[in-house]
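**Student:** here are the coordinates; sequence isn't available:
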């Protein structure tokens with residue numbers, strides 16, 4: 001099922017392995033590091049979205065399997081009548097069943113992606129607000145993505161503070 005591709009990619013992006021680096025020199029005043037994926041993955045909202053997406057995927061997979069079984073049953077009935085059906089009509093009906101199966105899968109994918117996007121928008125709003133608060137508190141002049149760094153002084157890493165701030169803003173997301 002094609003739902004696995006976007007979902008797996010999202011999970012890999014969202015979970016983000018927590019990185020700990022060897023401390024390299026003294027902290028640089030005004031320079032802050034943030035792991036966006038780390039903050040989202042560690043936040044309650046991020047975890048809420050992951051859990052809901054897993055549940056939704058399971059539900060959609062079950063629904064898809066059930067609907068596919070119905071189409072397969074129709075296909076078997078059509079195959080049983082193949083000799084009594086004109087070849088062109090048989091091919092037309094077979095193509096219609098194939099199209100119906102594709103449309104069902106596409107509808108499921110659209111629903112899943114739309115829910116994922118709604119959740120991500122909520123998380124992004126909370127992340128942006130939390131980041132703004134932490135940047136102001138820490139007087140960050142420049143924020144760099146921590147995951148693109150080879151090493152840093154942990155005193156410059158604002159990821160845990162952003163995660164805590166996100167948790168005060170939103171703890172669960174609504175996908176529906």
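**Tutor:** Received, thanks. Please read all numbers here as calculations on a predicted model, not as lab measurements.
**Student:** Quick check: buried residues in the helix or strand hosting residue 66?
**Tutor:** Using DSSP states H and E, residue 66 maps to helix 44-80. By neighbour count on 16 or more other C-beta atoms under 10 Å, the buried set for helix 44-80 is 44-50, 52-53, 56-57, 60, 64, 67-68, 74-75, 78. For every residue, glycine as well, the C-beta is placed using N, CA and C.
**Student:** likewise stretch 25-35?
**Tutor:** Quick answer for stretch 25-35 (16+ other C-beta under 10 Å): 27, 32-35.
**Student:** Same check on stretch 149-167?
**Tutor:** For stretch 149-167, the buried set under the neighbour-count rule, 16+ other C-beta under 10 Å, comprises 152-153, 156-159, 161-163, 165-167.
**Student:** can you pull out the helices in the chain?
**Tutor:** Taking DSSP state H as the test, the helices found in the chain are 4-15, 36-42, 44-80, 87-138, 159-169.
**Student:** between those, which has the poorest average model confidence?
**Tutor:** Comparing mean pLDDT over the helices of the chain, the weakest stretch is helix 4-15, at a mean of 45.
**Student:** Also compute the angle for the helix holding residue 66 relative to helix 159-169, please.
**Tutor:** 80 degrees (axes from the mean of the first three to the mean of the last three C-alpha atoms, to 10 degrees).
**Student:** Unless I'm misreading it, residue 152 sits right up against residue 34, doesn't it?
**Tutor:** No: contact criterion C-beta atoms under 8 Å: residue 152 and residue 34 do not qualify, at 10.9 Å.
**Student:** Common neighbours of the two, please.
**Tutor:** residue 146 (C-beta atoms under 8 Å, 6 or more residues apart in numbering).
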